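In: Sequence and predicted structure are below.
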Amino acid sequence: MKKLISNGMIVTAADTYLGDILIDNGVVVMIGTGLEAQDAEVVDASGCYVFPGGVDPHTHLDMPFGGTVTADDFETGTKAAAFGGTTTIIDFCLTTKGETLQKAVNTWHGKARGKAVIDYGFHLMVSEVTETVLTELPRIIHEEGISSLKVFMAYKNVLQADDGTLYRTLLLAKEQGALVMVHAENGDVIDFLVNEALAAGRTEPIYHALTRPPELEGEATGRAVALTGMADSQLYVVHVTCAEAVRQIEAGRAKGLQIYGETCPQYLNLDVSYLEKTNFEGAKYVWSPPLREAWNQEVLWNALRSGSLQTVGSDQCSFNFKGQKELGLGDFSKIPNGGPMIEDRLSVLYSEGVEKGRISLNQFVNIISTTSAKLFGLFPQKGTIAIGSDADIVIFDPSVRRKISAETHHMNVDYNAFEGMDIMGEPITVLVRGEFVIRDKEFVGMPGSGHYLHRKKFGATNGIATKPSSSEGVL
Ligand SMILES: NC(=O)NCCC(=O)O
Ligand SMILES: [Zn+2]
Ligand SMILES: [Zn+2]
């Protein structure tokens, strides 16, 4: 049935205006004022913002890590995402050396199929460049529509790839139209520092942060930027945490390189002192890269405002405190890295960003939706409200004041890193391709209704400026 979203304040990356949106067959067919459609169900959005659905470029659902598996799978994770106003995720498909890439992709399809309640795509991890990989990758980029490749510069002996692999991936990405993503930390030096700390009996969660200093994130980011320049390729640095890394990204962009950067809600709002919580509770705040000294938060906000960083991903990678984070009791290096963020990404960015005057409303939409859609080959199907775009819509009430808590969240995990935080604003109703998934704060979606997204190649035709600029709103 047609739907008419009436009288909401429509916000895109470019505009803010009062209007109505007519939806038919899952897409936006008309935008205007005073629209009427007798055969349409009317959804009153008065007093609310109407945003394009959030596009979360960084999730790990049903992912094996550190001897356990993330607490949220594609059903619980995407349901929580929908409650939070996210209608598309791009999840990381992990690969195993010696096994075909297609096998890994099939495994990830198997995890998501029949479960996802919102739309989803995959990034593909590259850990080695062998003859098989060289033959398989172009086919996977084009036939599977996986136009982003992930290289880990950290997690030595587990996920880490060497610099040769990164360089060859950058060359291949340039040739095939893919975007290379890096987890930028110097894994070799971290490995040394971790062993040194453990040998000295330093086992508590805080040593996770102290053995991964910001210099090692800055160094790896600079290295990845330099290799991107040499390969004349394109790079997206995931989960940027600190001034050292931001400066490297800015330097690369100032040279005209196509370098993009993402940060996450935890780095914008939490700091390293959380790892010192007693009773091992610091383990709840173990991410890699780690939380930093608080002054970095303003550097990250400024970088989002100025356009040096372009996106905020959740890096959703949830582990229960009981039984999972506790694997690291007595040895911080065994604490599974990551936390639950998929649900609160959008609301926390709105409340801490827009409400506190750090970013504009249109920048907010750009950061949580539009830019990711552009960079990852989904625009204009996703990431905006325009005629012909998928009707992925969030009706958001900015006047709601609420507290974040594990007692009320929908993620399948026993804590929330933002427990007790007061925020403004809440997604009330969320539609994916014109169908209600959240209606008046109730889940009304269906597992398996999420579509797999075959993404376009990286490139200028997706709305990305070929020469990046740091000015507001320009990629
Ligand atoms: N970030 C983190 O600590 N866990 C998820 C895996 C990754 O992105 O490195
Ligand atoms: Zn990472
Ligand atoms: Zn991640």
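Out: Arrived safely. Ligands and ions are numbered 1, 2, ... in the order given.
In: all helices of the stretch 251-400 of the chain, in order?
Out: Secondary structure of the stretch 251-400 of the chain, counting by DSSP state H, counting those that start in this stretch: helices at 265-269, 295-306, 345-349, 361-365, 371-375.
In: Roughly how far does Glu352 sit from Tyr260?
Out: Note on Glu352: its distance to Tyr260, by Cβ to Cβ, to the nearest Å, is 22 Å. Yep, even glycine has a C-beta here, placed from its N, CA and C like the rest.
In: And these two? Which one has more around it.
Out: Between Glu352 and Tyr260, Tyr260 has the larger neighbour count (other Cβ atoms under 10 Å), namely 27 against 20.
In: which parts of this structure sit against ligand 1?
Out: When proximity is defined as Cβ under 6 Å from any ligand atom, the chain approaches ligand 1 at 60, 183, 239, 287-288, 315, 317, 337-338.
In: which non-adjacent residue is nearest Leu257?
Out: Distance criterion Cβ to Cβ, 6 or more residues apart in numbering; nearest residue to Leu257, sequence neighbours excluded, is Gly229 at 5.2 Å.
In: picking up where we left off before, out of the helices of the stretch 251-400 of the chain, which one sits most buried?
Out: Sort these by mean neighbour count, taking mean count of other Cβ atoms under 10 Å, and helix 371-375 sits at the top with a mean of 28.
In: Report the central residue of this protein.
Out: Geometric centre of the chain, nearest residue: Gly313, 2.4 Å, by Cα atoms, centre = their mean.
In: circling back to that earlier point, mark which of the residues of the chain next to ligand 1 are part of strands, please.
Out: With DSSP state E as the criterion, strands contain His183 from among these.
In: Now name the helix or strand holding the residue nearest to Leu257.
Out: Element membership for Gly229, per DSSP states H and E: helix 214-231.
In: separation between the closest residue in space to Glu196 that isn't next to it in sequence and Asn302?
Out: Sequence neighbours aside, Thr211 is the residue nearest to Glu196 in space, at 7.8 Å (criterion: Cβ to Cβ, 6+ apart). From Thr211 across to Asn302, the span is 28 Å (Cβ to Cβ).
In: All the strands of the stretch 1-150 of the chain, residue numbers only.
Out: For the stretch 1-150 of the chain, applying DSSP state E, counting those that start in this stretch gives strands covering 2-11, 16-24, 27-32, 40-44, 49-52, 54-59, 64-65, 68-69, 86-93, 119-125, 148-152.
In: picking that back up, Gly177 is nearest to which of the helices of the stretch 251-400 of the chain?
Out: For Gly177, the closest of those is helix 371-375, at 12.3 Å, according to Cβ to Cβ.
In: on that earlier part again, turn the helices of the stretch 251-400 of the chain into TSV, including mean pLDDT and distance to Ala37.
Out: Formatted as TSV, the helices of the stretch 251-400 of the chain follow (pLDDT from 0 to 100; distance: least, Cβ to Cβ, whole Å):
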stretch	mean pLDDT	distance to Ala37
helix 265-269	99	38
helix 295-306	98	38
helix 345-349	98	29
helix 361-365	98	26
helix 371-375	98	27
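In: quick one: pLDDT of the residue nearest to Glu196?
Out: Predicted confidence (pLDDT) for Thr211: 98.
In: quick one: it and His60, what's the gap?
Out: 22 Å.
In: what's the answer for Met181, then?
Out: Counting by Cβ to Cβ, the gap from Met181 to His60 is 13 Å.
In: now swap in Lys374 and tell me
Out: Distance, Lys374 to His60, by Cβ to Cβ: 23 Å.
In: Val394 too?
Out: Distance, Val394 to His60, using Cβ to Cβ: 23 Å.
In: okay, the two: which has more neighbours?
Out: A direct count of neighbours by other Cβ under 10 Å for Val394 and His60 places Val394 higher, at 28 against 21.
In: so where's the chain shaky on pLDDT?
Out: Applying pLDDT under 70 to the chain flags the ranges 466-475.
In: Tell me who's in contact with the nearest residue to Leu134 once chain neighbours are set aside.
Out: The shortest distance from Leu134 to any non-neighbouring residue, by Cβ to Cβ, 6+ apart, is to Leu172 (7.3 Å). Neighbour list for Leu172: 129, 134, 137-138, 149, 178 [criterion: Cβ atoms under 8 Å, 6 or more residues apart in numbering].
In: Leu172: which element?
Out: Here Leu172 sits within helix 163-176, counting by DSSP H and E.
In: Please apply the same query to His410.
Out: His410 belongs to no helix or strand when assigned by DSSP H and E.
In: Let me know how buried the residue nearest to it when sequence neighbours are not counted is, in neighbour terms.
Out: Leaving aside its chain neighbours, His410 sits nearest to Ala80 (4.2 Å; criterion: Cβ to Cβ, 6+ apart). Ala80 has 26 neighbouring residues, counting by other Cβ under 10 Å.
In: contacting residues for the residue nearest to the centre of the chain?
Out: Gly313 sits next to 56-59, 238-239, 262-264, 345, 372 when contact means Cβ under 8 Å, 6+ apart.
In: hmm, back to that, phi, psi for the residue nearest to Glu196 please.
Out: Phi and psi for Thr211, reported as degrees, to the nearest 10, are phi -90, psi 0.
In: Which one (most neighbours) among the contacts of Leu172?
Out: Counting neighbours by other Cβ under 10 Å, the top entry in the contacts of Leu172 is Ala178, with 30 neighbours.
In: show me what contacts it?
Out: Per Cβ under 8 Å, 6+ apart, neighbours of Ala178: 141, 146-149, 172, 457-458.
In: 7 Å instead, please
Out: Ala178 sits next to 141, 147-149, 458 when contact means Cβ atoms under 7 Å, 6 or more residues apart in numbering.
In: do Ile385 as well
Out: Ile385 is in contact with 10, 12, 21, 28, 52, 393, counting by Cβ under 7 Å, 6+ apart.
In: hang on, the earlier thing: and the strands of the stretch 1-150 of the chain: which comes nearest Asp188?
Out: Of all the strands of the stretch 1-150 of the chain, the one in closest proximity to Asp188, counting by Cβ to Cβ, is strand 148-152 (12.4 Å).
In: what does the closest one rub up against?
Out: With contact meaning Cβ under 7 Å, 6+ apart, strand 148-152 is reached by 92, 123-126, 159-161, 165-166, 169, 173, 178-183, 376.
In: what's the answer for stretch 186-200, then?
Out: 153-156, 160, 207, 211-212, 216, 219-220, 331, 333.
In: For beta bridges, what are the partners of the closest residue to ligand 1 within the stretch 51-200 of the chain?
Out: For the stretch 51-200 of the chain, the residue closest to ligand 1 is His183, as judged by Cβ to the nearest ligand atom, at 4.9 Å. In this entry, His183 is beta-bridged to Phe152, by DSSP bridges.
In: can you count the residues close to it?
Out: Applying other Cβ under 10 Å, we find 25 residues neighbouring His183.
In: Ser147 too?
Out: Neighbours around Ser147, by other Cβ under 10 Å: 27.
In: so who does it touch?
Out: By Cβ under 7 Å, 6+ apart, Ser147 lies in contact with 141, 177-179, 376-377, 455-458.
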